[in-house]
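Trainee: here are the coordinates; sequence isn't available:
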């Protein structure tokens, strides 16, 4: 018996092809001329707690999503040149995390150390015994993991280990968790990895630690945005990717920030900078709000 195929409805196909890939107006208000104002605000930002000079922010994400590149991009935006203090893997195929130890990166502008520190952690992987362990991420947020700790994929840090800080003070703790998720592959994210993120989210939400998403690789997810970064908030595809991020991880849209990391550029760009700086401003304010209500975990 022969196989019969139904001919596609030409009218429906035309309607699908004609669906707008670009929205009539931006769905999020954004000022592209605020770069210098953002830099100045962040340079002069003051902490809400007298005992803390630098608020710590933990940056986590799947291997290859661009978490270390995001830290470098933040540094580049302030330095006015491309920097690479957080080492990244330049190969196309990511099999394991390039980041192996916990390390804090302070950001400078004009020789002045800014009042926030980004802590880079081993990348997350779907397998149980691969990448950073959920307990290590939670303990790093609470200030129990000392800088320089080398992550063990098979076993999380224990309280009797030398690198475990039994009595962290406020300056040791992180007051915001940033998930870095790549826009071009978010729809393919392994459910096991999402489960890890949900476990972390549930555990730290009990302590009131806020979480945000930095959505990277927007230029690789949408051709219109690749051609013109200023179309990021008019791109229907980017909005859908952000909505998918929100649904998968549980972070509200208001706390998802799409950015383009510096990757193969040799000079900085104002449009790239302003998206990054706006994300940093929101992250620092969210972290500082938590610090204001803080107590030892």
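Mentor: Yep, it's here. Predicted model only: the values in this text are computed from it and were never measured. Residues are numbered from 1 along each chain as shown.
Trainee: could you find the closest non-adjacent residue to residue 41?
Mentor: Take residue 41 and drop its neighbours on the chain: the residue closest to it by C-beta to C-beta, 6 or more residues apart in numbering is residue 281, 6.5 Å away. Yep, even glycine has a C-beta here, placed from its N, CA and C like the rest.
Trainee: list the buried residues for whichever strand or helix holds that neighbour?
Mentor: Using DSSP states H and E, residue 281 sits within helix 270-292. Of all the residues in helix 270-292, those buried under the rule 16 or more other C-beta atoms under 10 Å are 272-284, 286-288, 290-291.
Trainee: the closest residue to residue 171 other than its chain neighbours: how many residues sit nearby?
Mentor: Once flanking residues are discounted, residue 171 sits nearest to residue 52: 5.4 Å by C-beta to C-beta, 6+ apart. Residue 52: 19 surrounding residues under other C-beta atoms under 10 Å.
Trainee: and for residue 113?
Mentor: The burial count assigned to residue 113 is 12, neighbours taken as other C-beta under 10 Å.
Trainee: list the contacts of it.
Mentor: By C-beta atoms under 8 Å, 6 or more residues apart in numbering, the contact set of residue 113 is 54, 106-107.
Trainee: show me the residues you listed that map onto strands.
Mentor: Using DSSP state E, the members of the contacts of residue 113 that fall within strands are 106-107.
Trainee: among the contacts of residue 113, which one has the most neighbours?
Mentor: Counting neighbours by other C-beta under 10 Å, residue 107 leads the contacts of residue 113 with 23 neighbours.
Trainee: surely that residue meets residue 116?
Mentor: Yes: Residue 107 lies in contact with residue 116 (C-beta atoms under 8 Å); the separation is 6.8 Å.
Trainee: which SSE is immediately downstream of the lowest-mean-pLDDT helix or strand in the chain?
Mentor: The helix or strand of the chain with the poorest confidence is helix 10-18; it has a mean of 51 (mean pLDDT, DSSP states H and E). Sequence order places helix 35-43 as the next helix or strand after helix 10-18, per DSSP H and E.
Trainee: and the nearest residue in space to residue 243 that is not next to it in sequence, how many residues sit next to it?
Mentor: Excluding the flanking residues, the one nearest residue 243 by C-beta to C-beta, 6+ apart is residue 253, at 6.9 Å. Residue 253 is flanked by 14 other residues according to other C-beta under 10 Å.
Trainee: surely residue 253 and residue 241 touch.
Mentor: No: Residue 253 lies out of contact with residue 241 (C-beta under 8 Å); the separation is 11.2 Å.
Trainee: circling back: hmm, the residue nearest to residue 41 is touching residue 44, no?
Mentor: No: counting by C-beta under 8 Å, residue 281 sits too far from residue 44 to count as a contact (11.9 Å).
Trainee: quick one, what contacts residue 152?
Mentor: residue 133.
Trainee: from residue 126, how far off is it?
Mentor: In this structure, residue 152 and residue 126 are 18 Å apart, going by C-beta to C-beta, to the nearest Å.
Trainee: swap in residue 294?
Mentor: Look at residue 294 and residue 126: by C-beta to C-beta, they are 33 Å apart.
Trainee: all helices for the chain, in order.
Mentor: For the chain, the helices defined by DSSP state H cover 10-18, 35-43, 67-79, 134-141, 191-205, 218-221, 223-227, 236-249, 270-292.
Trainee: I am finished for the moment; much appreciated.
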